[in-house]
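[1] just a sequence and a predicted model for now, questions to come.
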Amino acid sequence: MRNHPVKRFGIPFGMFAAAMLILWLVVSQPRSDMLPATPRARDVPFGEMDDFTYTRTVNGEAEEEIMAQHANFYQLEQLVDLQGVQGWFFADGRTSTISSGLGKYNLQTHRGSFNGGVVCRSSDDNVLHTPQLEFDTSTRQLHTDQAVLLEGPMFTLRGVGADADIAIKKVQIHQNIEATLWQSNQPR
């Protein structure tokens, strides 16, 4: 029984078969870098809507209204991605209107951004042009690090980077400032 064929060939064959089975299981598993990515909550909108309108009121008075041709809503982040955007911001009896191609708005923090040909017009005909503009309606502030053009009834200012109040009454341009001033009876 010492050199029985089952002992002699069975044990090595069983070990070989077990090794082949383990190798096959390892090799046949798909590589993790080849698996399709599992979408994160931010990547999958909770809902989407055409002709989106959002109005925020405080003590019964409108603080802001944002409209978009199309919007995607991400519930976990309370974020709305906007396309074809127009916003109205109301402060101190004045209204500022902002329009752009794209935007984002956080429904919890009341902060957002406009991107792509941003035009912000105040009640007193000051117009701010910039490629990108961030806003915070709780602090009533606008901010950009991009090039800006500010046009008013009697001036034009150009520069890079700006901070302003939402009513565009106070504007601080950060660098490379160029100013053109004229009398009210002269055309721009």
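    That came through fine.
[2] so for the residue positioned nearest the centre of the chain, what's the pLDDT?
    What sits nearest the mean C-alpha location of the chain, by CA atoms, centre = their mean, is residue 104, with 4.2 Å. Listed pLDDT for residue 104 reads 93.
[3] so how far is residue 78 from it?
    Residue 104 sits 11 Å away from residue 78, going by CB to CB, to the nearest Å. C-beta here means a position set from N, CA and C on the backbone, and glycine is covered the same way.
[4] just give me the neighbour total for residue 102.
    Residue neighbour count, defined by other CB atoms under 10 Å, stands at 17 for residue 102.
[5] what bridges to it?
    Beta-bridge pairing for residue 102 (DSSP bridges): residue 83, residue 115.
[6] identify the residues contacting it.
    Going by CB atoms under 8 Å, 6 or more residues apart in numbering, residue 102 touches 81, 82, 83, 85, 114, 115, 116.
[7] just the buried residues out of these, in ChimeraX syntax.
    Listed next is the ChimeraX selection for buried residues among the contacts of residue 102, using 16 or more other CB atoms under 10 Å:
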select :81,82,83,85,114,115
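[8] which one of the contacts of residue 102 is nearest to residue 177?
    The closest of the contacts of residue 102 to residue 177 turns out to be residue 114 (CB to CB; 22.5 Å).
[9] measure the closest one to residue 162 for me?
    The spacing between residue 114 and residue 162, counted by CB to CB, is 14 Å.
[10] what do these two both touch?
    With CB under 8 Å, 6+ apart, residue 114 and residue 162 have no common neighbours.
[11] the residue nearest to the centre of the chain contacts residue 80, doesn't it?
    Yes. Residue 104 is within contact range of residue 80, at 7.0 Å (criterion: CB atoms under 8 Å).
[12] how about residue 131, secondary structure?
    strand (DSSP: H, G, I helix; E, B strand; the rest coil).
[13] grab the nearest non-local neighbour of it.
    Spatial nearest neighbour of residue 131, chain neighbours left out: residue 146 (4.8 Å); criterion: CB to CB, 6 or more residues apart in numbering.
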